[in-house]
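Colleague: Fold the following, please.
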Amino acid sequence: LDPALLRPGRFDRRVVLDRPDIRGRKGILEVHVRGKPLAKDVDLEVLARGTPGFVGADIENLVNEAAILAARRNKKAIAMEEFEESIERVIAGPERKSRLITDEEKQILAYHEAGHALVQNKLPNCDPVHKVSIVARGMSLGYTLALPEQDRYLHTQDKFEDDIAGMLAGRVAEELVFGEKWTGAHDDLEKATKLARKMVTAYGMSPKLGPLTFGDRDELVFLGREIAEQRNYSDEVAEEIDLEVRRIIEQAYDRAKGILIGYRDRLDVVAQRLIEIETLERQEFEALVA
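Modeller: The predicted structure is shown next:
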């Protein structure tokens, strides 16, 4: 909307429609499962807890996907199994078992995902790992599904630093085991770099630059125009920002490397198990790395 429309006196009230919290997600689930046959093991509270960040459309899609899966399996009721698989389909896309990969690529993928999962398991502020898989979903060749136990609205610097180490752990595992770098870590590197830059420029989490924000964000979005950021700092500060981002990334990389070297035997165990059965559920994964 044009800023002139948002001046005092134009609108009496603004209603914020944010992503639903756990109670909201449970309520939306109750709406969408109405009239659908549910098995006795279905617990909407558990499903609401396992879908942080889902909006109403995601939840509607989740229930519809679960119903389709149950129908394909000739079931008369939708069970928890279908709902859990449906969550993964909504987050990562449908399984693509038709995608053929070589034995060498399978081994690389297994160590990559095992690296993510192991480091996230060993760092205290990372979300619990629910599933690790080297079965392709959507555009990804494999995935590590980590879900928070509850909704979070505030994040600490320690949480961000642990998350970045978890993101980089796939690349670290590749280098540690094979001495090579592959393109599969592209998305992880991009996410880690963006988060590190936000820590420095938006959240004031750099001890060198202090509790300051950098860059004026123009969030007035018109047709054909994206959110832009105007630089309000000097070239010298820009260089310091780059150095701080690099420091955060390198420290996280070293932390991930230290964990994987220290638990190298567990890394091998998880990777070999992934090569054998392709997908590890939370219970078995935690038993392997204990």
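
Colleague: Which strand residues bridge residue 144?
Modeller: residue 132 (DSSP bridges).

Colleague: quick one: it and residue 215, what's the gap?
Modeller: 31 Å (Cβ to Cβ, to the nearest Å). Glycine gets a C-beta too; all of them are placed from N, C-alpha and C.

Colleague: Those two - which one has more neighbours?
Modeller: Counted by other Cβ atoms under 10 Å, residue 144 and residue 215 do not tie: residue 144 has more neighbours, with 24 against 16.

Colleague: residues contacting the more buried one?
Modeller: 113, 116-117, 120, 129, 131-133 (Cβ atoms under 8 Å, 6 or more residues apart in numbering).

Colleague: Residue 188 too?
Modeller: 116, 167-168, 170-171.

Colleague: Repeat that for residue 57.
Modeller: Per Cβ under 8 Å, 6+ apart, neighbours of residue 57: none.

Colleague: Is it in a helix, a strand, or coil?
Modeller: helix (DSSP: H, G, I helix; E, B strand; the rest coil).

Colleague: distance of it from residue 32?
Modeller: 10 Å.

Colleague: hang on, residue 151 is in a strand, isn't it?
Modeller: No: looking at residue 151 with three-state DSSP, it is coil, so not inside a strand.

Colleague: Can you tell me which of the contacts of residue 188 is nearest residue 288?
Modeller: residue 116 (14.3 Å; Cβ to Cβ).

Colleague: Could you give the number of residues near the closest one?
Modeller: 28.

Colleague: ok so it is a helix residue?
Modeller: Yes: counting by three-state DSSP, residue 116 is part of a helix.

Colleague: Who are the contact partners of it?
Modeller: Taking Cβ under 8 Å, 6+ apart as the test, what residue 116 contacts is 132, 144, 166-167, 169-170, 173, 188.

Colleague: Let's see which of these end up in strands.
Modeller: 132, 144 (DSSP state E).

Colleague: May I see the PyMOL selection of the buried members of the contacts of residue 116?
Modeller: The buried residues among the contacts of residue 116 can be selected in PyMOL (16 or more other Cβ atoms under 10 Å) with this line:
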select buried, resi 132+144+166+167+169+170+173+188
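
Colleague: Excluding residues flanking it in the chain, which one is nearest residue 261?
Modeller: residue 176 (7.0 Å; Cβ to Cβ, 6 or more residues apart in numbering).

Colleague: where in this structure is pLDDT low?
Modeller: Within the chain, the stretches with pLDDT under 70 are 1, 95-99, 138-139, 216-230.

Colleague: What segments of it are helices?
Modeller: For the chain, the helices defined by DSSP state H occupy 22-32, 44-49, 56-72, 80-92, 103-122, 157-178, 186-201, 235-262, 264-277, 282-289.

Colleague: that older thread, from residue 7, how far off is the residue nearest to residue 261?
Modeller: From residue 176 to residue 7 the distance is 58 Å (Cβ to Cβ).

Colleague: same question, residue 141
Modeller: 51 Å.

Colleague: So these two - more neighbours on which side?
Modeller: residue 141 (20 against 9).

Colleague: Just to check, the more buried one is in contact with residue 101?
Modeller: Yes: judged on Cβ atoms under 8 Å, residue 141 makes contact with residue 101 at a distance of 7.1 Å.

Colleague: shared neighbours of the two, which are they?
Modeller: residue 109.

Colleague: so how many other residues sit close to residue 281?
Modeller: The local packing of residue 281 (other Cβ under 10 Å) involves 14 other residues.

Colleague: Please apply the same query to residue 27.
Modeller: With other Cβ under 10 Å as criterion, residue 27 counts 15.

Colleague: who's in contact with it?
Modeller: Residue 27 neighbours (Cβ under 8 Å, 6+ apart): residue 20.

Colleague: again, only using 10 Å
Modeller: Neighbour list for residue 27: 20-21, 44, 48, 56, 59 [criterion: Cβ atoms under 10 Å, 6 or more residues apart in numbering].
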